[in-house]
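Trainee: Requesting a structural model of the entry that follows:
(chains A, B and C)
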Amino acid sequence: MKLFKDNRNAHVMASPYMAWAFIFIVVPLCMVIYYGLTNADGAFTFDNITTILKPGYLKALKRSVILAIISTLVCFLLAYPLGMILASMKLRKNAYIITLFILPMWMNFLLRTLTWMTLLEGKGVINTILEFLHLPTLNIINTSGAIVLGMVYNFLPFMILPIYNALNRIDENVINAARDLGADSFQTFCRITLPLSMPGILSGITMVFIPALTTFAISTMLGGSKILLIGNIIEQEFTQLYDWHLGSGLSIVLMVFILLNMIIENLSDNGGNS
Amino acid sequence: MKKAIEKIYLTIILIFMYAPILTLIVLSFNSSKSRAKWGGFTLEWYINLLSDEAVASALFNTLTIAILATIFSTIIGTITCVAMIGLPGKLRSVIMGITNIPMINADIVTGISLMLLFRFLHIGAGFTTILLAHITFNIPFVMLSVMPRVKNINFYVYEAALDLGASRTYAFFKTILPDIVPGIISGALMAFTMSLDDFIITYFTKGSGFETLSTLIYNEVKRGIQPEIYALSALIFIVVLTLLLIVYRAPQSKTKEN
Amino acid sequence: MSKDLITLEHISKSYDGQMILDDLSLSIYENSFVTLLGPSGCGKTTTLRIIGGFEKPDQGRVIFDGKDITDLSPNKRQLNTVFQKYALFTHMTIADNIAFGLKIKNKSDSYIKDKIKYALKLVNLEGFENRMPESLSGGQQQRIAIARAIVNEPKVLLLDEPLGALDLKMRQDMQYELKRLKEELGITFIYVTHDQEEALTMSDHIVVMNQGYIQQEGSPEKIYNEPENAFVADFIGDSNIIRATMVRDELVDILGAKFACVDTGFGENKPVDVVIRPEDVELVSPEEGTISGVVTDLTFKGVHYEMDVQAGGYEWLVHSTKMSEVGKEVGIKVDPYNIQIMNVPASEDEEAISETI
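Mentor: So this is what the prediction gives:
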């Protein structure tokens, strides 16, 4: 189709953004890689990256991965049934109900986390209520449990939305066809509903896993200063220790994990299709 | 029976999501500084909040940056999407690939990469750097919502306009632009909320002494929560709720007219 | 006499207080090609979905082969459905789509393989085993949907507007294909469509529905030639439907002219509706005609000419291979056998239910 009399005009129109994207996306990434692979004298080194293998760092990375996996799993287990229920409700009313489930997403992320600080503190709201009822108090503030709770609370809407969208797109007659061909409800779920909603599940997983893996605010607020995640360590390198080279090296490690996550996602997506 | 279980499940999730927010709102009216005791109803924290200059300037900064970043990113994003029609396929996929990077990458990496760039270019950290960073991560959201509209443009209508004697520019503004306006609006809304909500990228690009609401809250929290923060949360929640209700009402009344 | 395979007994169904089916009863014979025909919203698809088990009737029973299956879930019914817009499993290959029902029933691999081959051959798509549904054209996808249903050897195949999404040429090809399949398989087809031509081409038995009621059922010839009310006459093909008076048995007054007909038993001087198909109107010289008029419009339609003739205050639609110029004075003649007399309904409601009473 010819929208432009001359396609050179299109190049002219696109060039501001191409320049922008180059300066503010490509160059900064190259700089991270450059800093990550050099030392303070500018010499090439892998030291910044291999630092991740030192005990303290490795522990933080492991903890980050484990907590991110747990949070993602919990989000998935909560969101999938919810998505199915929402998708099975008749449309019209849905717009409002869906909004209800993603509304907290629009509230400031730090305020959402702050809420749980208030609730979980030693003398916070939950414990006051428990004491009043003469029940044993909870001591989960400043534990990994609190961090997972904070992650689930913050990122749950990111899982609900894509799963709901994927389930809602499935033609009702495709489900009927499976039933018609003799599948019971469980078989229909395993062979039709679940595989067809896979793209939604995968994008939900990415949208929860990556922020959970890389967060530092949630762990600072709910984990106290004792539980460090890889995000905290990178943040400290940049804002307190001013070791940009090490910080960049660790960021490269983080990007490797993000890439891995994407590769796995693509593989399982293709696996579902062939 | 099944319906009942479904309703209970929905309710539990809703309680999980909203009970904490409601608690904050209740606490914002609590005259006792302790979170554990109800000391009576007060508006003290709201009054303090309104006279707090730090909060006022952070709010001003946040809104200014969000509005400017939205305007710039919407314009650049839309122009680029339209230009994409005339670009060869390969260049198009390179541009889309690069555009996807900030969306896929972790915010912390985007934040530090921009911080490194600004230090390297000797741009003083503050308003400008935050604005540049926000425009950068907003453009992909605008393009993401405008692009599908651009792909579905009905060019016959455009050709019909040319056939009826319209100039290319006139035909573009009369036939193609109206088609993609819904995408532009939702992209702008998305960019605006992303800007308002952002903490991590702002945190790394702000420098010292310049605060937005997010960074202000983060600093306050590290120092210990003051009840004024509850009042702030309550206000933000109410504002967000009202805005969303307006946004959701608007398209519905439109479809009714149609 | 053929045996009843499916019987619907006094089925009623409503959604949100709106009546879709009202006390509908219907018998479907074994080995027949039955078409439920009607405009959208007439209840034909709901009827099919009740037979398939995707909807439960509010009242009434579904009898299949002598057994009440009203409450049986779809996966336990011995019938299969070809859905609107195919409803193929997009995440599976063609072979996996076809094998779906057989795998559920734990058939052996070699049996499944044979069946896939057989089914693909039956629908003329040999060698498509490893393709994905989305790489196929609409017509091909529809054939796969049919193959997927018939490998399960159902006693009845339900088809819900299966050709609706196809273009005209493809639709015509598929009509013959479906007829051939029905002969080869020797099972009952229940077919839902709003396309009267499709219904006339394929069916052994047509059930015309409107507003949740059965208007008329019978063979295609009977439905076309002897519509029982104005709705059926109007819905099936073009027709001239004219308010007239039955003078006595075998004589009807149409627009002031007396036409001989073959119907009896309507009483004397009773108002009736007459249906005359446009191809049954014969244009002759004004003197020869029972009534005379003027040609007001002429269109060439390929196999015939379509003409409008203003006569007796009514615009007659005429199909003829012989052309008459616009403005020409003509006479109208109709063979007595081609005049179909119907009772005049007292109201629209009565028109809808006239058949069920």
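
Trainee: make it CA atoms for all contacts and neighbour counts henceforth
Mentor: Will do.

Trainee: can you give me the helices for the stretch 201-350 of chain C?
Mentor: C:220-225, C:230-235, C:348-353 (DSSP state H, counting those that start in this stretch).

Trainee: other SSEs contacting the first one?
Mentor: Counting contacts by 3 or more CA pairs under 8 Å, 6 or more residues apart in numbering or on different chains; DSSP states H and E, helix C:220-225 packs against strand C:205-210.

Trainee: which residues are in contact with the strand it packs on?
Mentor: C:32-39, C:41-44, C:199-200, C:214-220, C:223, C:232, C:352 (CA atoms under 8 Å, 6 or more residues apart in numbering or on different chains).

Trainee: Distance-wise, check the residue of the stretch 1-150 of chain B found nearest chain C relative to B:Ile12.
Mentor: Proximity of the stretch 1-150 of chain B to chain C (CA to the nearest CA) peaks at B:Lys2, 16.6 Å away. Going from B:Lys2 to B:Ile12 by CA to CA, to the nearest Å gives 15 Å.

Trainee: Pick out whichever of the two has more residues nearby.
Mentor: B:Ile12 (12 against 7; other CA atoms under 10 Å in any protein chain shown).

Trainee: Tell me which other helices or strands the strand or helix carrying B:Ala171 touches.
Mentor: Per DSSP states H and E, B:Ala171 falls inside helix B:168-171. Packed against helix B:168-171 by the contact rule (3+ CA pairs under 8 Å, 6+ apart) you find helix B:155-163.

Trainee: What degree of burial does residue 208 show, as a neighbour count?
Mentor: Answering for chain A, as no chain was given. Neighbour tally, A:Val208, other CA under 10 Å: 26.

Trainee: nope, chain C please
Mentor: Around C:Val208 there are 26 residues (other CA under 10 Å).

Trainee: Please apply the same query to C:Glu197.
Mentor: By other CA under 10 Å, the residues close to C:Glu197 number 12.

Trainee: buried stuff in the host helix or strand of it?
Mentor: Element membership of C:Glu197 [criterion: DSSP H and E] is helix C:196-202. Judged by neighbour count using 16 or more other CA atoms under 10 Å in any protein chain shown, the buried positions of helix C:196-202 are C:Gln196, C:Glu198, C:Ala199, C:Leu200, C:Met202.

Trainee: Could you check the helix or strand of chain A with the lowest mean pLDDT and say which residues are buried?
Mentor: When the helices and strands of chain A are scored by mean pLDDT, DSSP states H and E, helix A:94-102 comes last with a mean of 74. By neighbour count on 16+ other CA under 10 Å, the buried set for helix A:94-102 is A:Ile98, A:Thr99, A:Phe101, A:Ile102.

Trainee: and which of those residues is nearest chain C?
Mentor: Chain C lies nearest to A:Ile98 out of the buried residues of helix A:94-102, by CA to the nearest CA, at 23.0 Å.

Trainee: if we can go back for a sec, on contacts alone, who are the packing partners of the helix holding C:Glu197?
Mentor: Looks like helix C:196-202 contacts strand C:33-37, helix C:168-185 (3+ CA pairs under 8 Å, 6+ apart).

Trainee: pLDDT averaged over it - what is it?
Mentor: On average, the pLDDT along helix C:196-202 is 90.

Trainee: Using CSV, write out every CA atom in that helix.
Mentor: These are the backbone C-alpha positions of helix C:196-202, laid out as CSV (Å, rounded to 0.1, in the frame of the first residue of the first chain):
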residue,chain,number,x,y,z
GLN,C,196,-33.2,-22.0,1.7
GLU,C,197,-31.3,-23.0,-1.4
GLU,C,198,-28.9,-25.2,0.7
ALA,C,199,-31.9,-26.8,2.4
LEU,C,200,-33.7,-27.6,-0.9
THR,C,201,-30.5,-29.0,-2.5
MET,C,202,-29.5,-31.4,0.3
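
Trainee: chain center to that helix, what's the gap?
Mentor: Offset of helix C:196-202 from its chain centre (CA atoms, centre = their mean, to the nearest Å): 6 Å.

Trainee: Repeat that for stretch A:250-268.
Mentor: Offset of stretch A:250-268 from its chain centre (CA atoms, centre = their mean): 12 Å.

Trainee: residues of it that come out buried?
Mentor: Along stretch A:250-268, these residues count as buried under the neighbour rule (16+ other CA under 10 Å): A:Leu250, A:Ser251, A:Ile252, A:Val253, A:Leu254, A:Met255, A:Ile258, A:Asn261, A:Met262, A:Glu265.

Trainee: got the contact list for it?
Mentor: Against stretch A:250-268 from outside (CA under 8 Å, 6+ apart): A:32-33, A:36, A:48-49, A:51-52, A:202, A:206, A:210, A:214, A:234, B:105-106, B:109.

Trainee: which one among those gets closest to A:Leu114?
Mentor: Proximity of the contacts of stretch A:250-268 to A:Leu114 (CA to CA) peaks at A:Thr214, which lies at 18.4 Å.

Trainee: This completes my enquiry, with thanks.
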